[in-house]
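>>> heads up, no residue letters with this:
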C-alpha cells in the first residue's frame, strides 16, 4: 500500500473555537455570530455545544435531542462547524472549563477561542474555575444591544475588580433572544413569522415538533 503524500493529509487544526449555550432555540443572531467568528478569527474548527445540565438556568431546558437537531439545522451547512454533544452526554452539571480541558487535549498546540455574549462577560467571575478558563482559551465577546459594554475601572480606583481580558468580536447587534422566540411561539406565532427570527429549517422543526407551546 502506498503511503499518502503529505499534500493529501488534511490541513492541521490550529485555531479552534467553542460556542456553548442552551440554543433553545438557536436563532439568526447566533448564526450571525458564528459566521463572523469563522471569518474574523480565521477558525479552522468551531464546536457548537448545546449545554447539558445548566447549573445557572432556573427553567427546565427543552429535551437535548431537540436542541441538538435544531443546532444541526442552524449551523450544519458551515464546513468548519461541529455540533458537539459532549456536554449533553456528560453526567452532572455542565462546566465550560471541563470542555476546554478536553478540547486542549484533542487539539494539542492549537489556539483556542471561547465565544461568549456581553451578558456572560458581566458574570464571568461567577463561573466555575473561571481563572482556569482564561488559561485554556482566549475570551471573545460579542455585544448585545440590551447589555451595557463593560469598561475598565477608573485607573485611580484601588478596590475595583480587575477587568477580564478579552477580545471584542465586531458583529451586527441584534435584539433577538431565545426567550422572546419561545414567548412568540407560545402566543400563537406561525412558522412564517418565526422564520424572521430563526433559520427557516429551525422554524419548521419547531412547528413540526410543537415546541414551546406553553410559556416558559
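Great, that's in hand. Worth saying up front: this structure is predicted, and the values here are computed from it rather than measured.

>>> hmm, who's touching the helix or strand bottoming out on mean pLDDT in the chain?
Of all helical and strand segments in the chain, the minimum by mean pLDDT, DSSP states H and E falls on helix 191-194, at a mean of 82. With contacts defined as Cβ atoms under 8 Å, 6 or more residues apart in numbering, helix 191-194 is touched by 181, 184-185, 203-204, 206-207. Bear in mind the C-beta positions are built from the backbone N, C-alpha and C, glycine included.

>>> could I get the buried residue list for it?
191, 194 (16 or more other Cβ atoms under 10 Å).

>>> next SSE downstream of it?
helix 200-208 (DSSP states H and E).

>>> residue 77: which element?
Using DSSP H and E, residue 77 is not contained in any helix or strand.

>>> err, residue 112, not the other one
Using DSSP H and E, the element containing residue 112 is strand 111-117.

>>> residues of that strand that come out buried?
Within strand 111-117, the residues that count as buried by 16+ other Cβ under 10 Å are 112-117.

>>> just checking: what are the partner strands of that strand?
Counting by DSSP bridges, the strands paired with strand 111-117 are strand 15-21 (parallel), strand 138-142 (parallel).

>>> deepest of the ones you listed, which one?
strand 15-21 (a mean of 22; mean count of other Cβ atoms under 10 Å).

>>> chain center to that strand, what's the gap?
6 Å (Cα atoms, centre = their mean, to the nearest Å).

>>> number of nearby residues for residue 203?
25 (other Cβ atoms under 10 Å).

>>> ok, the one 3 residues further on next?
Burial of residue 206 is recorded as 24 neighbouring residues (other Cβ under 10 Å).

>>> that one reaches residue 212, doesn't it?
Yes: here residue 206 reaches residue 212: they are 6.5 Å apart, a contact under Cβ atoms under 8 Å.
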